[in-house]
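# Can you look at this prediction? I've put the sequence above it.
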Amino acid sequence: MMRWIYWLGWMSFGAAYRTLFGLRIEGKENLITEGPVLVASNHQSFLDPPLIGNLYNDEMYFLARKTLFVGLGKWLYKQWNAIPVDQDRPDMASLKTMVKLLQQGEKVLVFPEGERTESGALGTAQPGIGLIVAKAGIKVQPVRIRGAMEALPRGSGRIKFARIVVMIGPAITFAAEEYKSKEGYQKIADRIMAEIAAL
């Protein structure tokens with residue numbers, strides 16, 4: 001069951017995406033709906049977290065830069081399950097929180113690139129998502145977003161009317177031997193990014 005404030009945001013964003021951006025979802029049959037899920041998506045816009053959250057009928061957790069947690073935003077982002085992260089001085093605390101949530105059966109969203117794209121091109125995956133996969137030992141749901149950058153590009157506060165498409169790929173599983181080193185974390189991250197790129 002969603003808490004009311006999360007539900008309100010979920011309903012509001014969902015209606016806006018369908019009405020303003022003609023949201024189309026492809027590959028719904030691939031969506032993992034039971035148990036813990038690590039959703040890995042490319043990152044185009046501030047629109048992305050609630051966009052991915054709308055794929056599910058229950059709550060999801062995601063990372064957000066700590067500078068957003070000021071004033072009303074501090075309260076609101078926490079209600080929407082955002083976990084603050086310092087992009088200038090990252091540490092292990094946020095990753096450990098993600099692992100713990102997955103071990104508790106929650107749904108977690110991670111952007112492997114670590115930041116929004118400036119050009120629209122896919123970036124390089126950071127090893128942090130590989131560490132999360134290795135520690136939590138769960139499947140990964142690859143997702144690709146198209147059109148969100150055109151709707152709200154990085155550095156802009158002006159929303160434009162652009163068609164948004166979300167493509168859901170088959171779940172990715174990893175063998176135990178892929179978890180055993182820092183090099184393994186990067187290999188996991190690279191494979192996840194390759195699966196996103198293929199969508």
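Received, thanks.
# make it CA atoms for all contacts and neighbour counts henceforth
Fine.
# those strands in the chain, which residues are they?
Secondary structure of the chain (DSSP state E): strands at 24-26, 37-41, 60-65, 82-85, 107-110, 140-146, 165-168.
# Within its sheet, name the partner strands of the fifth one and how each one runs.
Listed by DSSP bridges, the sheet partners of strand 107-110 and their directions read strand 37-41 (parallel), strand 60-65 (parallel).
# need the contact list for residue 114.
Residues in contact with residue 114 (Cα atoms under 8 Å, 6 or more residues apart in numbering) are 43, 125, 126.
# Swap in 6 Å and give it another go.
Shown in contact with residue 114 (Cα atoms under 6 Å, 6 or more residues apart in numbering): no residues.
# One more: the one 4 residues further on?
Under the criterion of Cα under 6 Å, 6+ apart, the contact list for residue 118 is empty.
# and among the strands paired with strand 107-110, the most buried is which?
strand 37-41 (a mean of 25; mean count of other Cα atoms under 10 Å).
# where's that one relative to the chain centroid, distance-wise?
Computed by Cα atoms, centre = their mean, to the nearest Å, the separation of strand 37-41 from the middle of its chain amounts to 6 Å.
# go on, stretch 105-113?
5 Å.
# and that stretch, C-alpha only, in PDB?
Provided in PDB are the C-alpha atoms of stretch 105-113 (Å, rounded to 0.1, in the frame of the first residue of the first chain):
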ATOM      1  CA  GLY A 105      12.300  -6.700  -0.400                       C
ATOM      2  CA  GLU A 106      11.900  -3.100  -1.700                       C
ATOM      3  CA  LYS A 107      12.100  -1.700  -5.200                       C
ATOM      4  CA  VAL A 108      15.000   0.600  -5.900                       C
ATOM      5  CA  LEU A 109      15.900   2.800  -8.900                       C
ATOM      6  CA  VAL A 110      19.500   3.500  -9.900                       C
ATOM      7  CA  PHE A 111      20.900   5.500 -12.800                       C
ATOM      8  CA  PRO A 112      24.100   3.800 -13.700                       C
ATOM      9  CA  GLU A 113      25.600   6.900 -15.300                       C
END
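# and the spatially most central residue of the chain, bridged to which residues?
The chain has residue 109 as the residue nearest its centroid, 3.3 Å off, counting by Cα atoms, centre = their mean. Following DSSP bridges, residue 109 is listed with bridge partners residue 39, residue 62.
# okay, it: pLDDT?
Looking at residue 109, its pLDDT is 97.
# for residue 174, same thing?
Reported pLDDT for residue 174: 87.
# What distance do you get for it to residue 134?
Separation of residue 174 from residue 134 (Cα to Cα, to the nearest Å) stands at 9 Å.
# can you tell me which of the strands paired with strand 107-110 comes nearest to residue 105?
strand 37-41 (7.8 Å; Cα to Cα).
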